[in-house]
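Visitor: Could you look at this predicted model? Sequence included:
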There are 2 protein chains.
Amino acid sequence: MAQLRDTHRRIVLASRPQGAPVETNFRLEVQHPPQPAEGEILLRTVWLSLDPYMRGRMSDAPSYVPPIAIDAVMGASTIARVEKSRHAGFKEGEWVVSQNGWQDFALSDGRSLQRLPDAACKHPSWALSLLGMTGFTAYMGLLDIGQPQAGETVVVAAATGAVGSVVGQIARLKGCHVIGIAGGAEKCHFAEQTLGFDRCLDHRDPALAEQLRRYCPDGIDVYFENVGGKVFDAVLPLMNPRGRIPLCGLIADYNAITPSTLPDRLPSLQGALLRKRLRVQGFIINQDYPHRFDEFIHQMAQWVTEKRIIMREDIYDGLDNAPKIFIDMLEGRNFGKVVVRVAPDQP
Amino acid sequence: MAQLRDTHRRIVLASRPQGAPVETNFRLEVQHPPQPAEGEILLRTVWLSLDPYMRGRMSDAPSYVPPIAIDAVMGASTIARVEKSRHAGFKEGEWVVSQNGWQDFALSDGRSLQRLPDAACKHPSWALSLLGMTGFTAYMGLLDIGQPQAGETVVVAAATGAVGSVVGQIARLKGCHVIGIAGGAEKCHFAEQTLGFDRCLDHRDPALAEQLRRYCPDGIDVYFENVGGKVFDAVLPLMNPRGRIPLCGLIADYNAITPSTLPDRLPSLQGALLRKRLRVQGFIINQDYPHRFDEFIHQMAQWVTEKRIIMREDIYDGLDNAPKIFIDMLEGRNFGKVVVRVAPDQP
């Protein structure tokens, strides 16, 4: 649905999901666009990022991000254009990285906005992935926590996802043997043929554990955990002594409504951690690594320019469709980084 | 039982325990002492160290130490005197730290022996605890993995044990708020009054979780895990963001014969690791930190000399009693570092 210039759509949280979100958990509201006061700017959302962590914010259970209030706009990172400016630091037509959320317009006093990285000027939506939060997550989690050494084996779940695809490509650049895990033959083929993974395994294969053993003949040194669930069970027995497990997401558990019915796996995890002297470390990129963003963006821009790292985007049109796109993404029906085009690139 | 000069007692593993070890898992054998060949020395065991990790070596399940073979001598660190020397590097009467195991005599070619640290010359058995493996474990696990900062809260399980008591004392020296957990009022009193812990809680108290919450009003920054089991469940909800959990032992699980009957705690652990950005790291002192032993022994010798760190030893007499002492130790009936006097200090 094309956006009308004087229409301001907002998608708010109507109710908290029980298990997987459904469309009735969201509500579309249409208002007039807000008007900037002196010192403010009006931002128009052009690109909206949809990411799994948002599922956590829809619940009021303890999470690493505060819950969204009922009737409040769904939060999200966005690429926006300055539509009107009454702020000396911003001109109309400029691009920024902002936190507009799932809506057409947002007001800002200029704080907490970032300039679009130079490397993203031809491709603004990359500032939501490769040159933004998900690329940064991949970079710091793999390099700072995972500490991969050339010749080591790195396993990455959600291998074609926004984070996993970058983890695997960086690990290849560092000379590692890289095994991805993804859902379905098409994604696995893409990971091997286009992203350059040494091998990508289908997590739907009942023989996943055996396959993993076969393709990790020297064990696993780094497991980049952004999925949770049964992949972890297949990986753990293959971890090498002094292995590292950066942990940045647990999408498989986000929709869990009933507790795991498996036997208690805590003692075996603790036993493996001790026996193999493993390190498991959770991290949240914006809280743990803001001081290293410049280093990241400098290195990643170079890799992107040299086409040594690529990003497959899964691009959708229309803010109205965001709830359905988001629901599908949590089920793994996306293929690449999910972004929604809310308004045309050109005004 | 006094040792006869020409009697060589050996305690061998007779059978693998199912659950908690029993005395029939061990067998005492009496032989003539072995005789050193050219280039060898005959060592007489004076002090025998009994430690929880030995339980793992009695099983043939995967562990971080290789299993002891049936009919082989039980392994152990020992303080020994050179009884006969046909080796240019050792003189009769010298003290060494060795791996004689549960027996009166052992032959050695001199490799893998260590000199008794100077700081232990007046108190040789300390080279099995404060100035040996358990002190080293406490030192590196707390300082290198735990990274405690002044003012932070450190929780230590098995607070009066060989490792835990040193962890707590070092944490106090570093200016931390230190809460111990131990079994019974007597041990808790000792931890508070003699070791200087700020508070010590009884893990048998059904209100342990509430007590812990009460005495850790600012949450927990470092949990030194050497126990496993229910203490971990009480600690996890109180861990602060970016908390650290060094993991060096799981004594509570060593005798587990049946799997945990609790619901699956893995998802909640993973969730907490992510949400709180925790680091959990297993380590095995002799494999991970041999290059830092000199630093450790230098610092610890100074603390010991200044009486800033003390060690309560639980001293038993007689090699014959080792099986029963070991069984009791696994049940927590010891109070301090368990050492067995196998022969008199003076020849």
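Guide: Structure received.

Visitor: Which residue, neighbours along the chain excluded, lies closest to the residue of chain A positioned farthest from its centre?
Guide: The outermost residue of chain A relative to its centre, with distances by CA atoms, centre = their mean, is residue A:38 at 35.0 Å. Distance criterion CB to CB, 6 or more residues apart in numbering or on different chains; nearest residue to residue A:38, sequence neighbours excluded, is residue A:86 at 5.2 Å. To be clear about C-beta, it is placed using only N, CA and C from the backbone, and glycine gets the same treatment.

Visitor: now do residue A:85
Guide: Spatial nearest neighbour of residue A:85, chain neighbours left out: residue A:41 (4.7 Å); criterion: CB to CB, 6+ apart.

Visitor: quick one: low-confidence ranges for chain A?
Guide: Scanning chain A for pLDDT under 70 picks out A:1-5, A:62-65, A:249-261.

Visitor: can you list the domain ranges for it.
Guide: What automatic domain parsing lists as the domains of chain A is A:8-129+A:312-341, A:133-287.

Visitor: Do a quick rundown of the strands in the stretch 201-347 of chain A.
Guide: Per DSSP state E, counting those that start in this stretch, the stretch 201-347 of chain A carries strands over the ranges A:220-224, A:239-247, A:279-282, A:313-317, A:337-341.

Visitor: ok, now which ones touch the residue nearest to residue A:38?
Guide: If you count contacts by CB atoms under 8 Å, 6 or more residues apart in numbering or on different chains, residue A:86 has them with A:36-41.

Visitor: From chain B, how far out is it?
Guide: 38 Å (CB to the nearest CB, to the nearest Å).

Visitor: cool, and residue A:122?
Guide: Using CB to the nearest CB, we find residue A:122 at a distance of 34 Å from chain B.

Visitor: what does residue A:177 give?
Guide: Residue A:177 is 24 Å from chain B, where distance means CB to the nearest CB.

Visitor: One more: residue A:171?
Guide: To chain B, residue A:171 is 21 Å away according to CB to the nearest CB.

Visitor: contacts for the one helix or strand that residue maps to?
Guide: Taking DSSP states H and E as the criterion, residue A:171 maps to helix A:164-173. Helix A:164-173 has contacts (CB under 8 Å, 6+ apart) with A:130, A:134-135, A:138-139, A:141-143, A:148, A:154, A:156-159, A:178, A:180, A:182, A:191, A:195-198, A:222, A:224, A:226, A:303, A:308-312, A:336.

Visitor: Now that helix: buried residues?
Guide: Neighbour-count burial for helix A:164-173 flags A:164-172 (criterion: 16 or more other CB atoms under 10 Å in any protein chain shown).

Visitor: ditto for stretch A:300-313
Guide: Buried residues in stretch A:300-313 (16+ other CB under 10 Å): A:300-301, A:303-304, A:309, A:311-313.

Visitor: Narrow those to those in helices?
Guide: Judged by DSSP state H, the subset of these located in helices is A:300-301, A:303-304.

Visitor: from those residues, which is closest to chain B?
Guide: Closest approach between those and chain B, by CB to the nearest CB: residue A:300, at 22.3 Å.

Visitor: Now the closest one. Nearest residue, chain neighbours left out?
Guide: Nearest residue to residue A:300 in three dimensions, chain neighbours excluded: residue A:135, at 5.5 Å (CB to CB, 6+ apart).

Visitor: Could you work out the most separated pair of the ones in helices among the buried residues of stretch A:300-313?
Guide: Spatially, the most separated pair among these is A:301 and A:303, at 7.5 Å (CB to CB).

Visitor: Could I get the full set of helices for the stretch 201-347 of chain A?
Guide: Assignment of helices within the stretch 201-347 of chain A using DSSP state H, counting those that start in this stretch yields the ranges A:208-215, A:230-235, A:251-254, A:266-275, A:285-288, A:293-305, A:322-330.

Visitor: Now distance to residue A:101 too, for these, in CSV please.
Guide: Formatted as CSV, the helices of the stretch 201-347 of chain A follow (distance: least, CB to CB, whole Å):
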stretch, distance to residue A:101
helix A:208-215, 37
helix A:230-235, 31
helix A:251-254, 19
helix A:266-275, 37
helix A:285-288, 16
helix A:293-305, 22
helix A:322-330, 10
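
Visitor: Quick one: end-to-end length of stretch A:276-284, please.
Guide: For stretch A:276-284, the first-to-last residue distance is 25 Å (CA to CA, to the nearest Å).

Visitor: Then stretch A:308-320?
Guide: Termini of stretch A:308-320 sit 35 Å apart (CA to CA).

Visitor: again, but for stretch A:284-300
Guide: The straight-line separation of the ends of stretch A:284-300 (CA to CA) is 19 Å.

Visitor: what comes into contact with it?
Guide: A:64, A:117, A:119, A:130-131, A:133, A:135-137, A:139-141, A:144, A:248, A:283, A:309, B:241-242, B:274, B:277.

Visitor: how about a cut-off of 7 Å?
Guide: Applying CB atoms under 7 Å, 6 or more residues apart in numbering or on different chains, the contact partners of stretch A:284-300 are A:64, A:117, A:130-131, A:133, A:135-137, A:139-140, B:277.

Visitor: Around chain B, pick out the residues from the stretch 151-300 of chain A.
Guide: Proximity of the stretch 151-300 of chain A to chain B (CB under 7 Å from any CB of the partner chain) is limited to residues A:228, A:247, A:250, A:253, A:256, A:259-260, A:262-267, A:269-271, A:273-284, A:287-288.

Visitor: Once you drop chain neighbours, what's closest to residue A:29?
Guide: residue A:10 (4.8 Å).

Visitor: Beta-bridge partners for that neighbour, please?
Guide: Taking DSSP bridges as the rule, residue A:10 bridges to residue A:29, residue A:103.

Visitor: how about residue A:34, what does it touch?
Guide: Per CB under 7 Å, 6+ apart, neighbours of residue A:34: A:42, A:105, A:107.

Visitor: again, 8 Å this time
Guide: By CB under 8 Å, 6+ apart, the contact set of residue A:34 is A:8, A:42, A:105-107.

Visitor: Show me just the buried residues among the residues of the stretch 151-300 of chain A next to chain B.
Guide: Buried among these (16+ other CB under 10 Å): A:228, A:247, A:250, A:253, A:260, A:264-267, A:269-271, A:273-284, A:288.

Visitor: Distance check, the nearest residue to residue A:175 once chain neighbours are set aside against chain B.
Guide: Leaving aside its sequence neighbours, residue A:175 sits nearest to residue A:150 (CB to CB, 6+ apart; 3.2 Å). Distance, residue A:150 to chain B, using CB to the nearest CB: 22 Å.
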